[in-house]
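In: Just to be clear, the model below is a prediction. Sequence and coordinates:
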Amino acid sequence: DEINNKIVLTLNDASTVDIDTSAIGGGGGIDNVTTAEKAALSPSVGDFVYDTDLSSLQRYDGNNWVSVADGYGLIKVVTDSDNGIPKYFTDLQTALDTCKTGNNIITLYDNITLTSQINILSSSGFNFNSLTINFNGFQIENNEVNNSYVFNIAISSIVEFSEPIIYRRNGTGTHFAIKTLGSIDLKLSGKGYIFCENERTIWLQGFKQNSFLDGNGVTIETSSGAYAFLVYGDNTYVSNFNIISGGTRGSFFQSCSISNINSKHSGSEEAIWAYNSCKMLINSYISSSGKGAEITPSDCVLDNNRFVSTGECVFNSGMINGGYYESTNDHAVRGVDIINDGYFYSINGLTADLQGTEINGGVFKSLNSIPLGLANNGVVSNIVAISINDTCLRGNLATSPNIQTFVDCKFISKYNSVNGHSVDISLLSTGTLNFIDCKFIVANSSANNIYSSGGESATVSNCSLIGATTPINANITVTASTDLGNGNRQI
């Protein structure tokens, strides 16, 4: 409308702009003023001026002159229904409410601070094919002292966050930066940062089946929440995320295949918990002041990962194929069914607890404890066990007919002490221990290659005993009448 030489523009959310046309012969313009002239005005809410000192379009918010975008977060919306013609809004939820059908793109032109959570719910009429929110270098934050989220999404559609920067601070109770429900197809494009101070940062509960969730290098962080990242997938492929967690646990995955995760965890429990129906964890780096990863599915494969943790690195996994696993105070690996190569190291703990594990290659090293611990039935071949300050092998095969067999293995004790034995079979008990084509090496000639504190039995075939004056401890009886061939005897 044109009133008294002014064009009055009404925006979609009812804000108005007065443009004085009297001085420009019917054209459009906004008053140019200096900062001092602006301060002398008696404006009404919604008045606009151009501050020539600041080179800034300013709007009066009722208390102060602010940049047009400040406190409003100018938002552009392009929808199918508008034939590509953009509309502009100052409130994000209002903008989203125009995007309930078709394909929609929202672009931010300033930072947005929420006073309530954003809801994108099918129960509220949202039934679009796709929605893209382009953060465009800006951020959305919620600093309210309550349990509201930033985004609450429950819809079976495509939702894409482009270069997301999202903050949830000061929250109380159960809350999230992002929570989703339904068979959503979530996409993240471009690097971004998503943070929740006091609770779980992202909880994705429900996914389009067989979908691919590519983080494209997005960083997800919580200072003290129980988890930074929870994904309840449906044969979902999750890849390319940086996860920083300061709470109890780092991330939780269900029915996912996981790759290229960089996780830094400072909590007491595991950095990653791969739960039911998770198929793989590959090419990932996990650093944890607590535990590394608990892998619940017996058929989950770990391939070419690097773990460094204070507690256990990996436990209850199906198969490990290569990689590096280091623990400061606990097992590097425990409860794994199959190991095919890898480097496993513990500084102060038992490196590998062989609970029926089949091992085909790998290096197992311990600084102040034992590289290998016997537990149940298993076959171990082509490994190198190295101990710096203890023996290389100790454990219990107490329940017959437990049988542990080592084939083509090296047991190297670098402990320069009379107690620096290659292996200690003192706790063998009623189990059966077999060594075939193995090599036993000690650093101190007064130590034994094979030691027992009491009477025990084992089978040794085609093995080399190196460095010890007395290779076999006197407590072990050599039964000469039991000829195993090739000059070997049962001992």
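Out: Alright, I've got the coordinates.
In: In this protein, where is pLDDT below threshold?
Out: For the chain, the stretches with pLDDT under 70 are 1-29, 69-73, 375-376, 396-401, 429-430, 477-491.
In: Please name the strands paired to the longest strand seen in it in the sheet, noting orientation.
Out: If you go by DSSP state E, the chain has its longest strand at strand 229-245. Strand 229-245 has its sheet partners listed here by DSSP bridges as strand 200-207 (parallel), strand 212-222 (parallel), strand 251-265 (parallel).
In: Pull out the buried residues from it.
Out: For strand 229-245, burial by neighbour count (16 or more other Cβ atoms under 10 Å) applies to 229-233, 236-245. For the C-beta atoms, the positions are set from N, CA and C on the backbone; glycine is no exception.
In: wait, which of the strands paired with strand 229-245 is closest to residue 281?
Out: Distance to residue 281, taken as Cβ to Cβ, is lowest for strand 251-265 among those, at 4.7 Å.
In: How far off centre is that closest one?
Out: For strand 251-265, the separation from the chain centroid amounts to 4 Å (computed by Cα atoms, centre = their mean, to the nearest Å).
In: What of stretch 158-174?
Out: Relative to its chain's centre, stretch 158-174 lies at 17 Å (Cα atoms, centre = their mean).
In: start at 21 instead
Out: In the new count, where the first residue is 21, that last one comes out as stretch 178-194.
In: Now render the strands paired with strand 249-265 as JSON lines, adding mean neighbour count.
Out: Below are the strands paired with strand 249-265 laid out as JSON lines (neighbours: other Cβ atoms under 10 Å):
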{"stretch": "strand 220-227", "mean neighbour count": "23"}
{"stretch": "strand 232-242", "mean neighbour count": "20"}
{"stretch": "strand 271-285", "mean neighbour count": "23"}
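In: Pipe these into JSON lines and attach distance to residue 141 per row.
Out: Output for the strands paired with strand 249-265, formatted as JSON lines (distance: least, Cβ to Cβ, whole Å):
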{"stretch": "strand 220-227", "distance to residue 141": "13"}
{"stretch": "strand 232-242", "distance to residue 141": "21"}
{"stretch": "strand 271-285", "distance to residue 141": "23"}
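In: To residue 292, which of the ones you listed lies closest?
Out: When those are compared by Cβ to Cβ, strand 271-285 sits nearest residue 292, at 5.1 Å.
In: could I have that closest one exported to CSV, CA atoms only?
Out: What follows is strand 271-285, C-alpha atoms only, in CSV (Å, rounded to 0.1, in the frame of the first residue of the first chain):
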residue,chain,number,x,y,z
SER,A,271,27.8,-43.6,21.2
PHE,A,272,25.2,-46.3,20.8
PHE,A,273,24.4,-48.0,17.6
GLN,A,274,21.8,-50.6,16.8
SER,A,275,21.3,-52.4,13.5
CYS,A,276,24.0,-50.4,11.9
SER,A,277,27.2,-50.8,9.9
ILE,A,278,29.7,-48.3,11.1
SER,A,279,32.8,-46.8,9.4
ASN,A,280,35.1,-43.9,9.5
ILE,A,281,34.2,-42.8,13.0
ASN,A,282,36.6,-40.6,15.0
SER,A,283,35.6,-40.8,18.6
LYS,A,284,37.2,-39.0,21.6
HIS,A,285,35.6,-40.1,24.9
